[in-house]
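Enquirer: let me see the structure of the following:
(one chain, ligands or ions: 1)
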Amino acid sequence: MKILVTGGAGFIGSHIVDAYIEAGHQVSIIDNFATGRRENVNSQATLYEMNIKDPKVKTVFADEQFDIVNMQAAQMDVRLSVRDPLFDAENNILGMINLLQNCVENNVKKVIFASSGGAIYGEQEQYPAPETHPLQPYSPYGITKLTGEKYLFFYKLSYGLDYVAFRYANVYGPRQNPHGEAGVVAIFAQAMLNDQEVYINGDGLQTRDFVYVDDVVNANLLALESQHTDIYNVGTGKETTILTIYEILNELTGYGKSAKHRSPQSGEQRRSVIAYDKIAQQMDWAPHTELKTGLAETLKTMK
Ligand SMILES: NC(=O)c1ccc[n+]([C@@H]2O[C@H](COP(=O)([O-])OP(=O)(O)OC[C@H]3O[C@@H](n4cnc5c(N)ncnc54)[C@H](O)[C@@H]3O)[C@@H](O)[C@H]2O)c1
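Expert: Residues are numbered from 1 along each chain as shown. Model (predicted):
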């Protein structure tokens, strides 16, 4: 199949590109290198260096005639979205609409979209949250992800464009960015490997659902064949405290120093964990990587 992966120079997108190429697909990338890295770009992919909201995207779609468009490109820094909601919306909403219009004009068969299970539910009422949980994002970033899902619904309704939207939990692994939703892994690991202080915001008992990037990639492979147009959580269903992340990394690196606690971040969610029953039933997906194994793999590539 001919597949476009937007954000294919980024953390998750580049792993998806590698897996699609490995599976024999013909892959193109659109990335503006806002946070992506040249060394992440698979040499067998065709690279278009541009912003997803650029009108020139039209020419790429017309020339390439993609079967599937996998949308990973986004402004993904929650704190930046609070500081600059306009920039966030320009990239995440206007950029997405530009892509969707081109999908319809060029008969793309399916869109795969990276939404966020960590940011879309807000402070949860149920643990782990199923897809039916109330949607009350606490940040402009979470609002743009929810808006993206609503646009997908509109394009399916109006033009029959199929989609699979994945609400990723906190994704960690090699190539991850310290500003992402699982940024704490990269931040702690980097500090420990450089023998610097590790700072924990607040008591460290806030929780997240850490899912390894290979498991997320696997969901993106399954989505190519899936007959369902739907929204799925992609997480582990397990709540992990920030202190636990510190402890495992401490053990794996042999760092040995105590962490320093500093004041909590205002507006930070306390607990976040999502259920994966739906994707397990409909797409036969499950997370296979244990946290300690995934963290060890992440550390290997950072050393
Ligand atoms: N990392 C996580 O824990 C997590 C959790 C939930 C959802 N997501 C979503 O998954 C996707 C991938 O995230 P990531 O962690 O790999 O982030 P990333 O920043 O590593 O990757 C994003 C990529 O998109 C590119 N990009 C950003 N804005 C662009 C634009 N306007 N035009 C073209 N390219 C642009 C960046 O240069 C980068 O290569 C994002 O949509 C993000 O919101 C990530």
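
Enquirer: show me what secondary structure element comes after the lengthiest helix in the chain.
Expert: If you go by DSSP state H, the chain has its longest helix at helix 140-159. Downstream of helix 140-159, the next assigned helix or strand under DSSP states H and E is strand 162-168.

Enquirer: tilt between that following strand and helix 140-159?
Expert: Interaxial angle, strand 162-168 versus helix 140-159 (axes from the mean of the first three to the mean of the last three CA atoms, to 10 degrees): 160 degrees.

Enquirer: quick one on the thing from earlier: near the ligand at all, the longest helix of the chain?
Expert: No: using CB under 6 Å from any ligand atom, we find that helix 140-159 stays clear of the ligand, coming within 6.6 Å at best. In short, each C-beta sits where N, CA and C put it, glycine included.

Enquirer: summarise which helices and strands that helix is packed against.
Expert: Applying 3 or more CB pairs under 8 Å, 6 or more residues apart in numbering; DSSP states H and E, one finds that helix 140-159 contacts helix 78-83, helix 85-89, helix 95-105, strand 110-116, strand 162-168.

Enquirer: dump it to CSV, keeping only the CA atoms.
Expert: In CSV, the C-alpha atoms belonging to helix 140-159 read as follows (Å, rounded to 0.1, in the frame of the first residue of the first chain):
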residue,chain,number,x,y,z
PRO,A,140,-5.8,23.2,24.7
TYR,A,141,-3.8,20.3,23.5
GLY,A,142,-6.5,17.8,24.8
ILE,A,143,-9.1,20.0,23.2
THR,A,144,-7.4,19.8,19.8
LYS,A,145,-7.2,16.0,20.0
LEU,A,146,-10.9,15.8,20.8
THR,A,147,-11.7,18.2,18.0
GLY,A,148,-9.6,16.0,15.6
GLU,A,149,-11.8,13.0,16.5
LYS,A,150,-15.0,15.1,15.8
TYR,A,151,-13.6,16.1,12.4
LEU,A,152,-13.0,12.4,11.6
PHE,A,153,-16.6,11.7,12.5
PHE,A,154,-17.7,14.5,10.2
TYR,A,155,-15.6,13.3,7.2
LYS,A,156,-16.9,9.8,7.6
LEU,A,157,-20.5,11.0,7.8
SER,A,158,-20.2,13.4,4.9
TYR,A,159,-17.7,11.6,2.6
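
Enquirer: and for it, what are the contacting residues?
Expert: 71, 74-78, 80-82, 85, 88-89, 92-93, 96-97, 100, 103-104, 111, 113, 115-116, 119-120, 122, 135, 137, 161-163, 165, 167, 229, 231 (CB atoms under 8 Å, 6 or more residues apart in numbering).

Enquirer: what's the average pLDDT for that helix?
Expert: Here helix 140-159 scores 98 as its mean pLDDT.

Enquirer: next one: it to chain centre, how far?
Expert: The gap between where helix 140-159 is centred and where its chain is centred comes out at 16 Å by CA atoms, centre = their mean, to the nearest Å.

Enquirer: go on, stretch 122-139?
Expert: For stretch 122-139, the distance to the chain centre is 17 Å (CA atoms, centre = their mean).

Enquirer: so does it get close to the ligand?
Expert: No: using CB under 6 Å from any ligand atom, stretch 122-139 stays clear of the ligand, with a minimum separation of 11.4 Å.

Enquirer: and if you look at stretch 279-291?
Expert: No: residues of stretch 279-291 are not located near the ligand by CB under 6 Å from any ligand atom, the shortest gap being 13.7 Å.

Enquirer: so which bits of that stretch are buried?
Expert: 279, 283, 285, 287, 289, 291 (16 or more other CB atoms under 10 Å).

Enquirer: can I get the CA coordinates of that stretch in CSV?
Expert: What follows is stretch 279-291, C-alpha atoms only, in CSV (Å, rounded to 0.1, in the frame of the first residue of the first chain):
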residue,chain,number,x,y,z
ILE,A,279,-9.1,-2.7,21.0
ALA,A,280,-8.4,-6.2,22.5
GLN,A,281,-11.8,-7.4,21.4
GLN,A,282,-12.0,-5.8,18.0
MET,A,283,-8.4,-5.8,16.8
ASP,A,284,-6.8,-8.5,19.0
TRP,A,285,-4.3,-6.0,20.4
ALA,A,286,-2.7,-6.2,23.8
PRO,A,287,0.4,-4.5,25.3
HIS,A,288,3.2,-7.0,25.5
THR,A,289,6.1,-5.0,26.9
GLU,A,290,6.6,-5.0,30.7
LEU,A,291,7.5,-1.6,32.0
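
Enquirer: no further queries at this time; thank you.
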